[in-house]
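J.: Predicted coordinates and the sequence they were generated for:
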Amino acid sequence: MEKQDAESVKTTSSDQEDEWEVRWEENDPENPRNLVKWRKWLCTYVVSSASLCVTCASSIYTSTYFQTEKEYGISKMLAISGLSLFVMGLGIGPMILAPLSEFYGRRPIYLASFSCFTLLLLPCALAPNITVLLIFRFFTGMAGSAFLSVAGGTVGDMFSGRELGAPMMIYTASPFVGPELGPLIGGFINQNANWRWTFWVMMIWSFFEFAAIYFFVPETYNPVLLRRRAVSLRQKSGDDRHYAPIERLNRSIPRTIAWSCLRPFQLLTFEPILLMLCIFTAILLGVLYLFFQAFPLVFSGVHGFDVQTTGLTFLGLFIGMVIGILSDPFWARMQAKLTARNNGVHEPEFRLLSGVLGGILVPIGIFWFSWTTFPSIHWIVPIIASVFFGVGTLLVFSAVFTFLVEAYPLYAASALAANSFVRSCFAAGFPLFSGVLYQKLGNQWAGSVLGFLCLVMAPTMAAFMVWGKKIRANSRFAGGRK
């Protein structure tokens, strides 16, 4: 209706005005979609590695607990708060940084946020007390959060259609592979050096990431690029009638940020599909971050591993994530078959197919891990179980992310922001009660509680594959309704 109204009020003057609107020409070399393939992939790898660096910084901190507790004289719970605050920063940051990127473009946000991320690691490394460490952990997470929200737009700016699947899988996997690398790297650092070297190493890594971003990641946001072209044309021609569409939008930064904060909660309130998928992915990320407390309890407490060897046990999760990434071509073929059977019409629900398998593998991995934590069972068995959990988690996340983008095309950023906020709340909260949970229930039943939670949520993927289209038909936000 709004579209019809807009068309009905078009006038001759507005048509003439459109002659001065700056648009991309066919095969325009400045259009990000027309960049050479190697440049697009290099940019994808850089923003993905930056995302991996940020999420690695979240979990590498878990290896410092023993030394920080001893140096500051604090409880384990207070030490764990540094992990929770960082993850909360990751959830809150996108609500501010994402709308800012709509005004200034993606590249300025990357450079500003990652320089802040790098610099904020310094007070963490030099923290004289736990208060300073906790405060700057939160702000470090906020600064780095741009690569968990804005960077997905960069990939979408450069790739389209069938090209989008592989690069988006690389980007989607990076924030979930990063947490597995954290304890692995941190274990070796904290076994052989002072805990402050954990942050020095992250600063060195982030410095090189910043350099890569500066040299290899161009601006890719179309409205900002067209605005630059319009400004250039006005300066060269002296004719002020040249304009870019973004220059005619009547919006302010505070208003846009306010809507960015409000709309995710509207989606969570009025969209049952989005709410249930957000809860499922939130539980999964919460379990993943809870594993950072559970693995030391099992492999150090039960099997007597030292810090660096305990860090190596996270290789199971890492291998599982990699297997999930490598399975992408198979799922692409399966989705193509579903589209062909549907008379060539692609539905967003087809993206949930991989999540159906993932929903099955996740509880299997959790129950397997939980009930093989006895001293009499070889330590490799629970690590193999974590591979299944890793595969399942990645399949669920990649299915949910791509579904949300396709099901809510006009509000994709808000849908992903809602998912990010709910996930971060769970991931921040789960580690805080993990110690009590495992202490009261034991390794087996504590893990089983988490397994039952995932078991209850697993059918949502299959249910939405069957009934999702009907539910979307009554949605006030979903696009592509039939």
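T.: Noted; the coordinates are in hand.

J.: State the helix or strand in which the nearest residue to Ser370 once chain neighbours are set aside lies.
T.: Take Ser370 and drop its neighbours on the chain: the residue closest to it by C-beta to C-beta, 6 or more residues apart in numbering is Gly447, 2.8 Å away. Heads up, the C-betas are built off the backbone N, CA and C, glycines and all. Gly447 is part of helix 412-457 when elements are defined by DSSP states H and E.

J.: still on that earlier bit, if I look at the residue nearest to Ser370, how far off is Val287?
T.: Taking C-beta to C-beta, to the nearest Å as the measure, Gly447 falls 9 Å from Val287.

J.: Please enumerate the shared neighbours of these two.
T.: Taking C-beta atoms under 8 Å, 6 or more residues apart in numbering as the criterion, Gly447 and Val287 both touch Ile366.

J.: higher neighbour count, these two?
T.: Using other C-beta atoms under 10 Å, the more surrounded residue of Gly447 and Val287 is Gly447, with 28 against 24.

J.: who's in contact with the more buried one?
T.: Contacts of Gly447 by C-beta under 8 Å, 6+ apart are Ala294, Ile366, Phe367, Phe369, Ser370, Trp371, Thr373.

J.: Nearest residue to the third one in space, please, no chain neighbours.
T.: Computed as C-beta to C-beta, 6+ apart, the closest residue to Phe367 that is not its neighbour in sequence is Gly451, at 4.5 Å.

J.: show me what contacts the most centrally placed residue in the chain?
T.: For the chain, the residue nearest the mean C-alpha position is Leu148 (4.2 Å; C-alpha atoms, centre = their mean). Applying C-beta under 8 Å, 6+ apart to Leu148 gives the contacts Ser51, Val54, Thr55, Leu90, Gly93, Pro94, Pro175, Ser420.

J.: cool, Pro223 as well?
T.: Pro223 neighbours (C-beta under 8 Å, 6+ apart): Glu102, Ala244, Pro245, Ile246.

J.: how near is the last one to Leu111?
T.: When you say that, I think you mean Ile246. 20 Å.

J.: More neighbours: which of the two?
T.: Regarding Ile246 and Leu111, a neighbour count based on other C-beta under 10 Å identifies Ile246 as having more, with 19 against 15.

J.: How about the secondary structure of the closest residue to the more buried one other than its chain neighbours?
T.: In this structure, Ile246 finds its nearest non-sequential neighbour in Pro223, 3.9 Å apart by C-beta to C-beta, 6+ apart. Classification of Pro223 using DSSP: H, G, I helix; E, B strand; the rest coil returns helix.

J.: my guess is Val177 meets Ile319, correct?
T.: No: the criterion here is C-beta atoms under 8 Å, and Val177 misses it with Ile319 at 10.3 Å.

J.: More neighbours: which of the two?
T.: Higher neighbour count among Val177 and Ile319: Val177, with 23 against 17, using other C-beta under 10 Å.

J.: Distance of the more buried one relative to Ala125?
T.: 24 Å.

J.: circling back to that earlier point, could the contacts of Leu148 be laid out in JSON lines, adding neighbour count?
T.: As requested, those are exported to JSON lines (neighbours: other C-beta atoms under 10 Å):
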{"residue": "Ser51", "neighbour count": "28"}
{"residue": "Val54", "neighbour count": "30"}
{"residue": "Thr55", "neighbour count": "26"}
{"residue": "Leu90", "neighbour count": "30"}
{"residue": "Gly93", "neighbour count": "26"}
{"residue": "Pro94", "neighbour count": "25"}
{"residue": "Pro175", "neighbour count": "22"}
{"residue": "Ser420", "neighbour count": "26"}
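
J.: between those residues, which is nearest Met202?
T.: For the contacts of Leu148, the minimum distance to Met202 (C-beta to C-beta) is 9.6 Å, reached by Val54.

J.: name the element that closest one belongs to?
T.: With DSSP H and E as criterion, Val54 is part of helix 37-60.

J.: May I see the buried residues of that helix?
T.: 40-60 (16 or more other C-beta atoms under 10 Å).

J.: cool, and stretch 215-232?
T.: Buried, per 16+ other C-beta under 10 Å, within stretch 215-232: Val217, Pro218, Glu219, Thr220, Tyr221, Asn222, Val224, Leu225, Leu226, Arg227, Arg229, Ala230.

J.: where in the protein is pLDDT low?
T.: Regions of the chain meeting the criterion pLDDT under 70 cover residues 1-17, 161-162, 251, 260, 410, 413, 479-482.

J.: which residues does Ser414 contact?
T.: Ser414 touches Ser260, Arg263, Pro264, Gln266, Leu267, Tyr408, counting by C-beta under 8 Å, 6+ apart.

J.: Make a markdown table from the residues you listed and add distance to Gly144, secondary structure and neighbour count to it.
T.: Formatted as a markdown table, these follow (distance: C-beta to C-beta, whole Å; DSSP: H, G, I helix; E, B strand; the rest coil; neighbours: other C-beta atoms under 10 Å):
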| residue | distance to Gly144 | secondary structure | neighbour count |
| --- | --- | --- | --- |
| Ser260 | 18 | helix | 20 |
| Arg263 | 23 | helix | 18 |
| Pro264 | 20 | helix | 25 |
| Gln266 | 27 | helix | 15 |
| Leu267 | 24 | helix | 25 |
| Tyr408 | 25 | coil | 25 |
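
J.: ok, so of these, who is nearest Leu338?
T.: The shortest gap between Leu338 and any of the contacts of Ser414 belongs to Tyr408, at 20.2 Å (C-beta to C-beta).

J.: Around Glu69, count how many other residues there are.
T.: So Glu69, with other C-beta under 10 Å, has 15 neighbours.

J.: same question, Leu78
T.: Count around Leu78 with other C-beta under 10 Å applied: 16.

J.: my guess is it meets Ile130, correct?
T.: Yes: contact criterion C-beta under 8 Å: Leu78 and Ile130 qualify, at 6.2 Å.

J.: Not counting its neighbours along the chain, what's nearest Ser49?
T.: Per C-beta to C-beta, 6+ apart, closest to Ser49 is Glu209, 6.4 Å.

J.: was I right about that neighbour contacting Ala50?
T.: Yes: proximity of Glu209 to Ala50 meets the contact threshold set by C-beta under 8 Å, at 5.0 Å.

J.: how close does the nearest residue to Trp371 once chain neighbours are set aside get to Ile170?
T.: If the residues on either side of it in the chain are set aside, Trp371 comes closest to Gln444, at 5.5 Å by C-beta to C-beta, 6+ apart. For Gln444, the distance to Ile170 equals 36 Å [C-beta to C-beta].
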